[in-house]
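# Sequence first, predicted model second:
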Amino acid sequence: MAICPQCPDQDDSLEEDTMKVYSPLTLEKLARQSLLREEALAISALKDLPNILFPVMFEEAFINGHTKVLTAMIPVWPYPYLSVGMKIRNLNLETLKAMLEGLDILIAQKVRSSRCKLREIIWRKRYHDVFGICTRSYEGLPGFMTQKQPMQNSPGCGVKKELKVTTQLELMEGRLDESATYLLQWAQQRKDSIHLCCRKLNIQGLTKPPVIEIFNFLHADCVQDLELFHLRTEDLALLNPYLRQMNNLLNLKLCHIIDIPSDSEMSQLPKFQCLKSISVTSVSFIRDNLKGFLRCLKKPLDSLNITDCILSQSDLDFLPYCLNIFELKLLSLAYINLSYFHLEPLRFFLERVGHSLECLELEACGIQDSQFNNLLPAISQCFHLRDVSFCDNDFSLLFLKELLHHTAQLSQLKSEAYPAPLECYERGVILSHRLENFCPELLDILRAKRKPKEVTFETTQCSKCGGYYIYDLGSQSCIFQL
């Protein structure tokens, strides 16, 4: 691994400007803060509060811990959904109790307020706006009016309840955190009227009794995202009966699974009905067993990500013959040593998925010019590619130019990451000035065919400080990054 000559002095050159820019509060925000300081007044004002102000008022009360206001808002919530979204980190036990108390009031009402349309509370990380309240997204959906109405849950849940609570759970070494434990106990006591739906389940380490207890209460077929960390293969055997019930599982992530299973253990993995994405990191049993592992697929996969695993040539040879990965949109192989492999099977596979592939990542695989050269014709036919990353491979300047001539034909590319050529290193030292000199000519190869959007050329990491140099299309300069 290379080093950068300046790394002892890097700290001085990387000082950041920490000055903060403040903007004045709006009159509306000032009015909300003033109102919430008098909780009794805020609660009495809810009956006249316009619907459009409920989400921002709720956010203010949620962040600043006005628990009595939160409790009062739940029974008059004017939208079908209430999503905590990216503010989940602020959900402490007292805030959770306040919201659940509001749900208890709502459940106990024989005749509900005509304003209340709440059907589902969502406690999980989201990737949309702060609380996910967007009324136009739910126009036309029936909500609660004046009488209690059963709610149809998503397919596969198999239950109808008055209210649905959607959450995500993390089981760390056999334990849930305080808030999750309280939520489970609360929902179990109200199981006749509340459907607790766990969409995302993260298990790190395994203790048998808590897992059995949780799955006896949870609806396994509600789980769509499953993440398993730091387990042994015998732990997978324990989980297997519950995995078989996950008929709506979409995304499966396995990280740091140790021990080598027997063929019988591999054959026990269930077939998932709806699985779309598999991510595997540091999993020992993948080697010589990729074929057996991918037997779990019942429908075509969208995304296959294998990182920091040891593969065999036979695993690579199998890829073109696995029928359920011919519709792939994302293929990522990272930190897998392919330097001694014959890559013809990978070329055949890329030819077969060229009609669907949108993202291709072959990072830190130690691939050399002669090996990667066999892949170029197939890559140049993947016309739907939007993102490619070939960083941390051993490409010469001459070959890198050849690669760019092929990717220049791909008009849909939005993000491209390439390795710095081998000529940017000398006796184990990174020569950043050479990268800066090479990159304008390399970019011209792309510009001759299309207008590139986001292109980077990256060196390997410095073995001393962990930093690396990156030439960015936007700045058109070589920048050191940690």
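Yep, it's here.

# is it fair to say residue 474 lies in a helix?
No. Counting by DSSP: H, G, I helix; E, B strand; the rest coil, residue 474 is not found in a helix; it is coil.

# what's near enough to touch it?
Going by Cβ atoms under 8 Å, 6 or more residues apart in numbering, residue 474 touches residue 454. Using the backbone N, CA and C atoms, a C-beta is placed for each residue, glycine as well.

# let's see 10 Å
By Cβ atoms under 10 Å, 6 or more residues apart in numbering, the contact set of residue 474 is 453-456.

# same deal with residue 96?
67, 70, 84, 123, 178-180, 182-183, 186.

# Would you mind listing which of those are buried?
Among the contacts of residue 96, those classed as buried by neighbour count (16 or more other Cβ atoms under 10 Å) are 67, 70, 84, 123, 179-180, 183, 186.

# Out of these, name the ones that lie in strands.
residue 123 (DSSP state E).

# In helices, which of the buried ones among the contacts of residue 96 appear?
Applying DSSP state H to the buried ones among the contacts of residue 96, the entries found in helices are 67, 70, 179-180, 183, 186.

# Tell me the one of those nearest residue 163?
residue 186 (12.1 Å; Cβ to Cβ).

# What's the separation between the closest one and residue 110?
21 Å (Cβ to Cβ, to the nearest Å).

# what do you get for residue 166?
26 Å.

# try residue 181
Using Cβ to Cβ, residue 181 is found at 31 Å from residue 110.

# Pick out whichever of these two has more residues nearby.
residue 181 (14 against 6; other Cβ atoms under 10 Å).

# show me what contacts that one?
93, 169, 175, 210.

# Out of those residues, grab the one that's most surrounded.
Result: residue 169 is most packed of those (other Cβ under 10 Å), 22 neighbours.

# what's the helix or strand for that residue?
Per DSSP states H and E: residue 169 is located in strand 163-172.

# Output the contacting helices and strands for that strand.
strand 81-83, helix 93-108, strand 120-123, strand 151-152, helix 178-189, strand 194-204, helix 208-217, strand 225-232 (3 or more Cβ pairs under 10 Å, 6 or more residues apart in numbering; DSSP states H and E).

# Name the stretch among the ones you listed that sits most buried.
Ranked by mean neighbour count, the helices and strands packed on strand 163-172 are led by strand 81-83 with a mean of 23 (mean count of other Cβ atoms under 10 Å).

# Neighbouring strands - and their directions - for that strand?
strand 120-123 (parallel) (DSSP bridges).

# contacting residues around the strand it pairs with?
74, 77, 79-85, 88, 91, 96, 99-100, 102-103, 131-132, 151, 153-154, 163-169, 179-180, 183, 194-195, 197, 199.

# re earlier: rank the helices and strands packed on strand 163-172 by mean pLDDT and give me the bottom one.
Of all these, mean pLDDT reaches its minimum on strand 151-152 (a mean of 44).

# low-scoring pLDDT stretches of this protein, where are they?
1-35, 37, 85-90, 125-161, 259-269 (pLDDT under 70).

# Could you rerun that using 80?
Applying pLDDT under 80 to the chain picks out residues 1-39, 85-91, 111-112, 124-162, 174, 206-210, 233, 258-269.

# tell me the domain ranges of it?
27-149, 328-482 (automatic domain parsing).

# How far away from the center of its chain is stretch 402-411?
Centroid separation between stretch 402-411 and its chain, computed with Cα atoms, centre = their mean, to the nearest Å, is 29 Å.

# quick one: buried residues of it?
Within stretch 402-411, the residues scored as buried using 16+ other Cβ under 10 Å are 403-404, 406-408, 410.

# Among these, which one lies nearest to residue 45?
residue 410 (57.1 Å).

# quick one: contacts for that closest one?
Residue 410 neighbours (Cβ under 10 Å, 6+ apart): 379-386, 388, 416, 446, 449-450.

# Distance check, it against residue 447.
From residue 410 across to residue 447, the span is 14 Å (Cβ to Cβ).

# ok, now residue 346?
Per Cβ to Cβ, residue 346 is found 29 Å from residue 447.

# got it, and residue 395?
For residue 395 relative to residue 447 (Cβ to Cβ), the value is 20 Å.

# now do residue 356
28 Å.

# what does residue 59 give?
Taken as Cβ to Cβ, the span from residue 59 to residue 447 is 45 Å.

# of these two, who's got more company?
residue 59 (18 against 13).

# Can you give the distance of the helix or strand residue 55 falls within from its chain's centre?
For residue 55, the element it lies in under DSSP H and E is helix 54-63. Remark: helix 54-63 is offset 26 Å from the chain centroid, using Cα atoms, centre = their mean.

# same question, stretch 238-258
16 Å.

# Then stretch 216-236?
A distance of 17 Å separates the centroid of the chain from that of stretch 216-236, by Cα atoms, centre = their mean.

# So for it, first residue to last residue, what's the gap.
17 Å (Cα to Cα, to the nearest Å).

# Name the residues linked to residue 201 by a beta bridge.
Going by DSSP bridges, residue 201 forms beta bridges with residue 169, residue 226.

# Name all residues that make contact with it.
Neighbouring residues of residue 201 by Cβ under 10 Å, 6+ apart: 167-171, 214-215, 218, 220, 222-228, 242, 246, 249.

# Let's see that with 6 Å instead.
169, 223, 226 (Cβ atoms under 6 Å, 6 or more residues apart in numbering).

# I'd like those residues laid out as JSON lines, including distance to residue 205.
Output for these, formatted as JSON lines (distance: Cβ to Cβ, whole Å):
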{"residue": "169", "distance to residue 205": "14"}
{"residue": "223", "distance to residue 205": "18"}
{"residue": "226", "distance to residue 205": "15"}
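
# Look up how far residue 231 lies from the closest residue to residue 249 other than its chain neighbours.
Among residues not flanking residue 249 along the chain, residue 272 sits closest, at 5.2 Å (Cβ to Cβ, 6 or more residues apart in numbering). Distance, residue 272 to residue 231, by Cβ to Cβ: 18 Å.

# Could you do residue 480 as well?
Taken as Cβ to Cβ, the span from residue 480 to residue 231 is 38 Å.

# All good on my end, thank you.
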